[in-house]
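Colleague: Next input, structure requested:
(chains A and B)
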Amino acid sequence: MFKIATWNVNSLRIRLPQVLAWLQSTAIDVLALQETKLQDQDFPSAAFQEIGYHAVFAGQKTYNGVAILSRSPLNHVISELPGMGDPQKRLLCASHHDIRIVNVYIPNGANLESDKFLYKMKWLSELESFLKVQLQASPRLILLGDFNIAPTPEDVHDPQQWEGKVLFSPAERAAFQDLLATGLCDTFRLFPRDEKQYSWWDYRIAAFRRNLGMRIDHILASHPLCAQCHHCHIDREPRTWERPSDHTPVVAEFDIS
DNA sequence: ATGGTAGTTCAACTA
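Modeller: Purely as a prediction, here's the structure:
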């Protein structure tokens, strides 16, 4: 059994006790983190090592920052998205045995009229190119992270209100489908689902209490791995804790010998 | 239609 998860922690400095507690209450093999907001010299490697996790990370001051925690050593690390020439630390790719793990913090995009949205679409386009190369070399691949895209109306609490807005625009949804078309499937949608299951709720407007959320954190797996995926769930519990991240973890399990 | 909160850093930006 192989259990992998993604969690946008919105500052690992603040959330470290929660991440440690959550890891110790689950049986996670690999955890992809986004928005660590830590420079590499400040990354709490020792704290994770004490509970049995190796860590690789790519951080910067104040914004962004990604990390992968793993019970087994990780290798062949890439922390730059080719084609971007980008100081923003939003991608971290590493191998866990023969599984290629691609952890992403896809840009938010602000709004459809902004330069940030152009940057988001460019980033998605470069990610698609990068994935094709990675899949060629590594047929067993998992792409996971904070995508900042709700792929379908079922992933949005009020799809009419959100139609055409950032996180749920036709262009972003099309880009998400382009990612799937490289040879991936959305593990969450491999199984029957209750409605209104989300991974992110705005801190404002008491969104969590009212379940006004969106499913924007995803675990996509290449087809050979999808055949071995037997479970995916959103763990709402950390979102109920004191001083939570605005995102909650998503977990997928694979039957891998 | 606007803004509501949270984190980083310390006025303003990102989300």
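Colleague: wait, residue A:56 sits on residue A:68?
Modeller: Yes. If you go by C-beta atoms under 8 Å, residue A:56 and residue A:68 touch, sitting 5.2 Å apart. (Glycine included, C-beta is placed from N, CA and C.)
Colleague: Looking at the two, which one has more neighbours?
Modeller: Per other C-beta atoms under 10 Å, whichever of residue A:56 and residue A:68 has more neighbours is residue A:68, with 26 against 21.
Colleague: Contacts only, for that one.
Modeller: A:30-33, A:55-57, A:74, A:92, A:94, A:101, A:103 (C-beta atoms under 8 Å, 6 or more residues apart in numbering).
Colleague: name the element it belongs to?
Modeller: strand A:66-70 (DSSP states H and E).
Colleague: Give me the common contacts of residue A:56 and residue A:68.
Modeller: A:74, A:92, A:94.
Colleague: Return the member of these nearest to DNA strand B.
Modeller: The nearest member of the shared contacts of residue A:56 and residue A:68 to DNA strand B, counting by C-beta to the nearest atom of the strand, is residue A:92 at 16.1 Å.
Colleague: Who are the contact partners of the residue in the stretch 1-150 of chain A positioned nearest to DNA strand B?
Modeller: Nearest residue of the stretch 1-150 of chain A to DNA strand B (C-beta to the nearest atom of the strand) works out as residue A:11 at 3.1 Å. When contacts are counted by C-beta under 8 Å, 6+ apart, residue A:11 touches A:35-37.
Colleague: now the residues you listed as CSV including pLDDT and distance to DNA strand B?
Modeller: Compiled in CSV, the contacts of residue A:11 are given as follows (pLDDT from 0 to 100; distance: C-beta to the nearest atom of the strand, whole Å):
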residue, pLDDT, distance to DNA strand B
A:35, 98, 7
A:36, 98, 9
A:37, 98, 4
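Colleague: Number of residues surrounding residue A:72?
Modeller: Neighbour tally, residue A:72, other C-beta under 10 Å: 12.
Colleague: I'd like the shared contacts of residue A:56 and residue A:68 laid out as TSV, including distance to DNA strand B, secondary structure and neighbour count.
Modeller: What follows is the shared contacts of residue A:56 and residue A:68, written out as TSV (distance: C-beta to the nearest atom of the strand, whole Å; DSSP: H, G, I helix; E, B strand; the rest coil; neighbours: other C-beta atoms under 10 Å):
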residue	distance to DNA strand B	secondary structure	neighbour count
A:74	24	coil	19
A:92	16	strand	28
A:94	23	strand	22
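Colleague: In CSV, list these along with pLDDT.
Modeller: Shown next, in CSV, are the shared contacts of residue A:56 and residue A:68 (pLDDT from 0 to 100):
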residue, pLDDT
A:74, 98
A:92, 98
A:94, 98
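Colleague: Name the residues of the stretch 151-257 of chain A found near DNA strand B, please.
Modeller: A:203-205, A:243, A:246 (C-beta under 7 Å from any atom of the strand).
Colleague: rerun that using 6 Å as the cut-off
Modeller: A:203-205, A:243 (C-beta under 6 Å from any atom of the strand).
Colleague: quick one: which of the residues you listed is nearest residue A:234?
Modeller: Lowest distance from residue A:234 to these (C-beta to C-beta) belongs to residue A:203, with 18.0 Å.
Colleague: who's in contact with the closest one?
Modeller: By C-beta under 8 Å, 6+ apart, the neighbours of residue A:203 are residue A:246.
Colleague: what does the model give it for pLDDT?
Modeller: The score at residue A:203 is 97. That number is its pLDDT.
Colleague: Which parts of chain A are strands?
Modeller: Assigned by DSSP state E, chain A shows strands spanning A:2-8, A:30-34, A:54-58, A:66-70, A:75-78, A:91-96, A:99-105, A:141-146, A:184-186, A:200-201, A:213-214, A:217-222, A:229-234, A:250-254.
Colleague: just to revisit the earlier point, buried only: go through the contacts of residue A:11 for me.
Modeller: A:35-37 (16 or more other C-beta atoms under 10 Å).
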